[in-house]
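Participant: Could you work out the structure for the sequence below:
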Amino acid sequence: MAIAPFQVTLGIELVAAGLGGLQGALIAAGERHRRIDVLGVIVIGLTVSLGGSLLRDVVLNQPPVVIWANWYLLVAAASAILGMILQPLFARADWAITGLDAVVMGLFGAIGASKALSLGVGPVGALVVGVIGAIGGGMLRDLILARPVSILQVGTLYAVAAGAGAGSLIVLVGFDVPVLIAGLVAVVVTTAVRILAVVFGWAFPEQRSLISGH
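Facilitator: Coordinates of the predicted model:
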């Protein structure tokens, strides 16, 4: 199911990087009790922006685009600074940050899955790469901030949303749907699943309730 050559342009990667940097900085700037300085906010923004792409390329044994593309770091850093400036406007708008987080996941998941397919990776492997790309930046963000890792918490469905989006792209590409259209559908699916999970409280059962039988 290879799609060659890799059809996601650098422009789309930069959009994802910019939104990732913005979202990461908004979260970091909101952690006022931690007294994170300006550099720290930028670092968190860069982590969200670059983490998923870096992990994806390492898994695929490819030169990391975040290093080789000149504009990647600049766009991510500028977006992080913008996020820090705009944070007061978003302070009471958790829904906006959740929505932005979902879109960023969808973009990186679609890019990761499509890049894997273009390199000849099978559907299952491409799904894994898509999920890694989608959640990698968020996982690194949580680790740096010493927060509970989102993917491991009850009620998030992060991996499910990421997998649903990447999986939809893989299926559509298998039916010869153009990758850009499949990618757009993947972003919509990831965003929808993530937001619906938050709105309706969808979650897997907590492990201790399964063990205890309650």
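Participant: How many neighbouring residues does residue 131 have?
Facilitator: Using other CB atoms under 10 Å, residue 131 is surrounded by 28 other residues. (Each C-beta comes from the backbone N, C-alpha and C, glycine too.)
Participant: contacting residues around it?
Facilitator: Shown in contact with residue 131 (CB atoms under 8 Å, 6 or more residues apart in numbering): 109, 112, 159, 162, 163, 166.
Participant: Pretty sure the third one sits against residue 139.
Facilitator: No: with contact defined as CB atoms under 8 Å, residue 159 does not count as touching residue 139 (10.3 Å).
Participant: Okay, strands next: where are they in this structure?
Facilitator: Under the criterion DSSP state E, the chain carries no strands.
Participant: if we can go back for a sec, pick out the most distant pair among the contacts of residue 131.
Facilitator: Pairwise distances across these (CB to CB) peak at 13.4 Å, for the pair 112 and 159.
Participant: ok, the residue nearest to residue 195 when sequence neighbours are not counted - contacts?
Facilitator: Closest residue in space to residue 195, ignoring its immediate chain neighbours: residue 102 at 5.7 Å, by CB to CB, 6 or more residues apart in numbering. Residues counted as contacts of residue 102 (CB under 8 Å, 6+ apart) are 161, 190, 191, 194, 195.
Participant: For those, please prepare JSON lines with the additional fields neighbour count.
Facilitator: Converted to JSON lines, these look like this (neighbours: other CB atoms under 10 Å):
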{"residue": "161", "neighbour count": "29"}
{"residue": "190", "neighbour count": "32"}
{"residue": "191", "neighbour count": "22"}
{"residue": "194", "neighbour count": "27"}
{"residue": "195", "neighbour count": "17"}
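Participant: Export the residues you listed as TSV, with columns for distance to residue 62.
Facilitator: TSV is the format used below for the contacts of residue 102 (distance: CB to CB, whole Å):
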residue	distance to residue 62
161	25
190	23
191	26
194	27
195	31
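Participant: farthest-separated two in the residues you listed?
Facilitator: 190 and 195 (9.6 Å).
Participant: Next, show the common contact partners of residue 159 and residue 139.
Facilitator: Common neighbours of residue 159 and residue 139, using CB under 8 Å, 6+ apart, are residue 151.
Participant: Comparing these two, which shows the higher neighbour count?
Facilitator: In terms of neighbours (other CB under 10 Å), residue 139 is the more surrounded of residue 159 and residue 139; the figures are 20 against 16.
Participant: distance of the residue nearest to residue 195 from residue 110?
Facilitator: 13 Å (CB to CB, to the nearest Å).
Participant: Which residues are in contact with each of those two?
Facilitator: Shared contacts of residue 102 and residue 110, defined by CB under 8 Å, 6+ apart, comprise residue 190.
Participant: what's in contact with stretch 187-204?
Facilitator: 98-99, 101-103, 105-107, 109-110, 134, 154-158, 160-162, 164-166, 168.
Participant: Quick one: mark the members of the residues you listed that sit in helices.
Facilitator: Per DSSP state H, helices hold the following members of those: 98-99, 101-103, 105-107, 109-110, 134, 158, 160-162, 164-166, 168.
Participant: Would you mind measuring from the spatially most central residue of the chain to residue 38?
Facilitator: When CA atoms, centre = their mean is applied to the chain, the residue found nearest the centroid is residue 105 (2.8 Å). According to CB to CB, residue 105 stands 26 Å off from residue 38.
Participant: got it, and residue 158?
Facilitator: 28 Å.
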